[in-house]
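**Student:** The amino acid sequence is not available; the structure is as follows:
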């Protein structure tokens, strides 16, 4: 019989080394994993830290918003103050500053040239920011030549009725016409030749002066104005037919710096009787070229008569002016003089009240105007030693209101020293507001 050997089973001690290794590894892992997890969590912010950080950011944001609100409120408050000041300033300017203007459109048709249109437009600004301080400005916009300039721009210090101070760009008180040159106020279109060629109207200059009114009696008043200015220069012309006009027109300083070290003195005084008659005297003296003591000396006489309560003369107005200048150290020219006499008759037929010319107007008027004038310039540039001019004007104008006028006139011009070398027809519309 076959004899079976018993089956041998492995002894438990055979697998003990492997089991021990596994057990050791498992124990190490159990010890290391919590340590790693603890290490990772130690580097991560906790929930409480996150909450603190968010609260800090919210607080900072709230502070920034509050600061911006305060700055915006301050800005609005400042803007409100500025707007209030601007509004107050605008109201003050509206109360104390007045703005106006005057202008004219002129049509000329002379025999020696083609018909032309001319004109001017000037802005007037006046104000009084104190009871005794006032300002006035007249700006010529330069139409149609495109060069704007100030004809007047001065400030007055009103002290007493007999004595006040004025400074700035001054209208020169030489002769009546230069002070009363506004187109809508005069009855003829162009200045008379003496006021253009002898007296360089419109004549303004930089300077300062004094003026005042002296009551002599209830019906007699005296006025005066004296100025210290830069004065005339040596840029005058003695050749007719060129622009600017011959004479002293181009000798004006043009508001530039004086070309010599001496100032000129000019002034005008008047006597007024019953507010119907006025007589004026003017004088001028000043150096006119650099490095020389040669002087220009001028004098003028003007008169205006507006008789009232005399039946024949009640609607008449007579104006006249004479002016003369002498130039030392000059032969081209050496002297200039001239005069004009103007008579105006104002009337209005009552039959026209219901027509388109009189209806809806309070005091419309017609005017017939006549002027005669002469001018003369002594100059070595002429073979005869002098140039002469003669001017006669017949005009008519219609004023529906005082500040709007339609004018037409015909001029007869003779001689070489004249504003226009030939006869011609002129018409214009002028206004002021």
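**Tutor:** Sure thing, it's come through. In this text, all values refer to a predicted model and were calculated from it rather than measured experimentally. Residues are numbered from 1 along each chain as shown.

**Student:** State the distance from the residue nearest to the spatial centre of the chain to residue 177.
**Tutor:** In the chain, the centroid-proximal residue (C-alpha atoms, centre = their mean) is residue 139; its distance is 4.6 Å. To residue 177, residue 139 is 21 Å away according to C-beta to C-beta, to the nearest Å. In this view, the C-beta of every residue, glycine as well, is placed from N, C-alpha and C.

**Student:** Check residue 283 too.
**Tutor:** Residue 283 sits at a distance of 16 Å from residue 177 (criterion: C-beta to C-beta).

**Student:** And these two? Which one has more around it.
**Tutor:** Neighbour totals were compared for residue 283 and residue 177, and residue 177 leads with 23 against 16 (other C-beta atoms under 10 Å).

**Student:** So for that one, what's the nearest residue that isn't a sequence neighbour?
**Tutor:** Among residues not flanking residue 177 along the chain, residue 195 sits closest, at 4.1 Å (C-beta to C-beta, 6 or more residues apart in numbering).

**Student:** that's a helix at the one you found, yeah?
**Tutor:** Yes: using DSSP: H, G, I helix; E, B strand; the rest coil, the assignment for residue 195 is a helix.

**Student:** wait, isn't it in contact with residue 201?
**Tutor:** Yes: at 4.7 Å, residue 195 counts as touching residue 201 under the criterion of C-beta atoms under 8 Å.

**Student:** Between those two, which contacts overlap?
**Tutor:** Shared contacts of residue 195 and residue 201 (C-beta atoms under 8 Å, 6 or more residues apart in numbering): 175, 177, 178, 181.

**Student:** Just send those back as a markdown table, with secondary structure, pLDDT and distance to residue 119 too.
**Tutor:** Formatted as a markdown table, these follow (DSSP: H, G, I helix; E, B strand; the rest coil; pLDDT from 0 to 100; distance: C-beta to C-beta, whole Å):
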| residue | secondary structure | pLDDT | distance to residue 119 |
| --- | --- | --- | --- |
| 175 | coil | 96 | 24 |
| 177 | helix | 95 | 20 |
| 178 | helix | 95 | 20 |
| 181 | coil | 84 | 15 |
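
**Student:** Which secondary structure state is assigned to residue 213?
**Tutor:** strand.

**Student:** who are the neighbours in contact with it?
**Tutor:** Per C-beta under 8 Å, 6+ apart, neighbours of residue 213: 161, 162, 221, 222, 223.

**Student:** can you list the weak-confidence ranges in the protein?
**Tutor:** Flagging of the chain using pLDDT under 70 yields the residue ranges 1-51, 82-95, 238-245.

**Student:** all helices of the stretch 51-200 of the chain, in order?
**Tutor:** Assigned by DSSP state H, counting those that start in this stretch, the helices in the stretch 51-200 of the chain fall at 176-179, 193.

**Student:** With respect to residue 344, which of the shared contacts of residue 195 and residue 201 is nearest?
**Tutor:** Nearest to residue 344 among the shared contacts of residue 195 and residue 201: residue 177, at 14.1 Å, using C-beta to C-beta.

**Student:** give the contact list for the closest one.
**Tutor:** Contacts of residue 177 (C-beta under 8 Å, 6+ apart): 191, 192, 195, 199, 201, 302, 321.

**Student:** gap between the third one and residue 165?
**Tutor:** Translated: residue 195. From residue 195 to residue 165 the distance is 28 Å (C-beta to C-beta).

**Student:** So those two - more neighbours on which side?
**Tutor:** Using other C-beta under 10 Å, the more surrounded residue of residue 195 and residue 165 is residue 195, with 26 against 14.

**Student:** distance of the more buried one from residue 210?
**Tutor:** Residue 195 is 25 Å from residue 210, where distance means C-beta to C-beta.

**Student:** do residue 386 as well
**Tutor:** Residue 386 is 38 Å from residue 210, by C-beta to C-beta.

**Student:** likewise residue 431?
**Tutor:** Distance from residue 431 to residue 210, by C-beta to C-beta: 33 Å.

**Student:** And residue 292, by the same measure?
**Tutor:** Residue 292 is 29 Å from residue 210, by C-beta to C-beta.

**Student:** between these two, which one's more packed in?
**Tutor:** The residue with more neighbours, out of residue 292 and residue 210, is residue 210; 17 against 13, by other C-beta under 10 Å.

**Student:** What ranges does the stretch 201-350 of the chain have for its strands?
**Tutor:** Secondary structure of the stretch 201-350 of the chain (DSSP state E, counting those that start in this stretch): strands at 204-215, 220-229, 264-273, 277-287, 295-305, 316-327, 335-347.

**Student:** Ok, which of the ones you listed comes nearest residue 74?
**Tutor:** Nearest to residue 74, of those and by C-beta to C-beta, is strand 204-215 at 46.6 Å.

**Student:** got the angle for the closest one vs strand 264-273?
**Tutor:** 30 degrees (axes from the mean of the first three to the mean of the last three C-alpha atoms, to 10 degrees).

**Student:** Using neighbour counts, pick out the buried residues of strand 204-215.
**Tutor:** 204, 205, 206, 207, 209, 210, 211, 212 (16 or more other C-beta atoms under 10 Å).

**Student:** What separation is there between the residue nearest to residue 177 and residue 322?
**Tutor:** Separation of residue 195 from residue 322 (C-beta to C-beta) stands at 11 Å.

**Student:** again, but for residue 427
**Tutor:** 29 Å.

**Student:** Equivalent analysis for residue 250, please.
**Tutor:** Residue 250 is 22 Å from residue 322, by C-beta to C-beta.

**Student:** Can you report how many residues lie near the spatially closest residue to residue 214 that is not a sequence neighbour?
**Tutor:** Residue nearest to residue 214 in three dimensions, not counting chain neighbours: residue 222, with 4.5 Å by C-beta to C-beta, 6+ apart. Neighbour count of residue 222, defined by other C-beta under 10 Å: 14.

**Student:** and residue 222, what does it touch?
**Tutor:** 213, 214, 215, 216, 269, 270, 271, 272.

**Student:** Mind picking the two most distant members of those residues?
**Tutor:** Among these, 215 and 269 lie farthest apart (C-beta to C-beta), at 14.5 Å.
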